[in-house]
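In: sequence? don't have it. structure:
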């Protein structure tokens, strides 16, 4: 990947914990304008190859191929020196470091420091990160122009994806919008150190990645590292209605950091040591007074109160959890000095579409009837499942309900009980349930406890599912597609969505 500013060998060594092992024969470059991690990429003479190592890949296996292809410089781990005869690379430049992934972040931090951006924005949370990021991008692009905004694509939000996004910075970019994710302790702290954001946002704290974080308190501890990273004069955007109150972040932030809250009601002050009033009389800074869905168009009319002024805003989606994502994006924009009037009436903003696989509402008419598919198959955890069920309960109460569900992964020891709870939750709502995954027995246990009266299908193979689903009378039905990324439930509905399957990646949710 070509970069906009040259980096010298000395700068790279000083930025990382790397040590120059082979300095070359004097013919190689000492200044680099290209950084790459995939040996299959095309690259120029002034390129540095970062040999990343992960659970399922080892870039060090391809160092020799890079050198044979004309590469001059590689950054490797110390293990490479032990496992390879480096004497044959005397004309090359080899840098050794403890962890090339960490070095990639160090170089990205160095590169980012060369830009004088107006604002660097980082957002995290258990649910809604990607959707919120895309909404923020839509707002900023509308106001400033897309050429001045850089965001990470898809959910490339981890220790590899974030640095690679930073390397895409060019001279015209003024605003950097980065979603950051985690499934391992310390990652939010590390990503925050790399970015050094001016504005941080936490969409919510929920039951995600409990295999690593054990409980929501562990999730809060990890996510709150973003709050600690903000400098004097920065802004922290928080969900006022979240199970973790904004009050709990007060001792996480440095003096001079401003908190902007959003929500539907009074600040949640649970789990605090004292029942203090929080800013603005306990009312969120960005308050949604009402949200009315138009079922025919799928659009929602919002009444938002901000700075003692009411805004009537039409958005191109429905569902309370998506409204929260919008309120978070609205708050981020406000923290960056963007007036709502600058974008709420623009066609570009009104036509904003939710990223695919996240509460996509698709109206279908076929020989089984007229029905609605809600494609929320991008991922699942207990909180996002509840949000989807609440949306259906509120806005599709009169419709026949067919659920196509899959396991919620990465819940660790909590997985059995959370799937039992899921069974209880869906028992009084669904008419038909199709289920795929290893936790089906726990789901059916929850269904039995609540005396589920509908019909349950275990998805054993693709053909049987398609035949059983096709036989159902779906006229006036709503079909919810919801499961973790590993379940690939969207593969069953390629024809209906008209899209290829959702991209797989190594990146964090």
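Out: The structure has been received and is ready for your questions. Given the structure is predicted, the values throughout are model-derived calculations rather than measurements.
In: could you pull out the buried residues of the helix or strand bottoming out on mean pLDDT in the chain?
Out: Least confident helix or strand of the chain, by mean pLDDT, DSSP states H and E, is helix 210-213 with a mean of 73. Under the neighbour-count criterion of 16 or more other Cβ atoms under 10 Å, helix 210-213 has 210, 212-213 buried. To be clear about C-beta, it is placed using only N, CA and C from the backbone, and glycine gets the same treatment.
In: just curious, which of the residues you listed is nearest to residue 88?
Out: If you rank the buried residues of helix 210-213 by distance to residue 88 using Cβ to Cβ, residue 212 comes first, at 41.2 Å.
In: show me where the stretch 201-350 of the chain has strands.
Out: 235-239, 258-263, 286-293, 300-306, 309-315 (DSSP state E, counting those that start in this stretch).
In: can you name every helix or strand that the fourth one contacts?
Out: Same thing as strand 300-306. strand 286-293, strand 309-315, helix 320-335 (3 or more Cβ pairs under 8 Å, 6 or more residues apart in numbering; DSSP states H and E).
In: so for residue 108, which of the ones you listed sits nearest?
Out: helix 320-335 (22.0 Å).
In: could you check the angle the closest one makes with strand 300-306?
Out: 40 degrees (axes from the mean of the first three to the mean of the last three Cα atoms, to 10 degrees).
In: distance between helix 320-335 and the chain's centre?
Out: Offset of helix 320-335 from its chain centre (Cα atoms, centre = their mean, to the nearest Å): 15 Å.
In: grab the nearest non-local neighbour of residue 327.
Out: residue 262 (4.0 Å; Cβ to Cβ, 6 or more residues apart in numbering).
In: surely the one you found touches residue 236?
Out: No. In this structure, residue 262 is not within contact of residue 236 by Cβ atoms under 8 Å, at 11.7 Å.
In: which of those two has more neighbours?
Out: residue 262 (29 against 26; other Cβ atoms under 10 Å).
In: can you name the residues that contact the more buried one?
Out: By Cβ atoms under 8 Å, 6 or more residues apart in numbering, residue 262 lies in contact with 237-240, 284-288, 324, 327-328, 330-331.
In: same deal with residue 447?
Out: The contact partners of residue 447, by Cβ under 8 Å, 6+ apart, come to 423-424, 426-427, 433, 456.
In: switch to 7 Å and redo it
Out: 423, 427, 456 (Cβ atoms under 7 Å, 6 or more residues apart in numbering).
In: and for residue 469?
Out: residue 434.
In: same check, this time on residue 37
Out: Neighbouring residues of residue 37 by Cβ under 7 Å, 6+ apart: 50, 52, 59.
In: is it true that residue 306 touches residue 289?
Out: No. Using Cβ atoms under 7 Å, residue 306 makes no contact with residue 289, being 10.7 Å away.
In: higher neighbour count, the two?
Out: residue 306 (20 against 11).
In: distance of that one from residue 338?
Out: Using Cβ to Cβ, to the nearest Å, one gets 12 Å for the distance from residue 306 to residue 338.
In: cool, residue 178 as well?
Out: For residue 178, the distance to residue 338 - Cβ to Cβ - is 18 Å.
In: mind listing the helices for the stretch 401-509 of the chain?
Out: Using DSSP state H, counting those that start in this stretch, the helices assigned to the stretch 401-509 of the chain run over residues 415-427, 440-449, 462-471, 494-497.
In: just put those in JSON lines and tack on mean pLDDT.
Out: Shown next, in JSON lines, are the helices of the stretch 401-509 of the chain (pLDDT from 0 to 100):
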{"stretch": "helix 415-427", "mean pLDDT": "95"}
{"stretch": "helix 440-449", "mean pLDDT": "96"}
{"stretch": "helix 462-471", "mean pLDDT": "92"}
{"stretch": "helix 494-497", "mean pLDDT": "81"}
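In: do you know which of those helices lies nearest residue 16?
Out: Checking those against residue 16 by Cβ to Cβ gives helix 415-427 as the closest, at 38.4 Å.
In: and the chain, split by domain according to the record?
Out: For the chain, automatic domain parsing gives the domain ranges 2-104, 115-350, 360-497.
In: list the buried ones in stretch 73-82?
Out: 73-77, 80.
In: out of those, which are inside strands?
Out: Among those, the ones falling in strands (DSSP state E) are 73-77.
In: could I get those residues as TSV with pLDDT and distance to residue 462?
Out: Below are those laid out as TSV (pLDDT from 0 to 100; distance: Cβ to Cβ, whole Å):
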residue	pLDDT	distance to residue 462
73	96	48
74	97	44
75	98	44
76	97	43
77	96	42
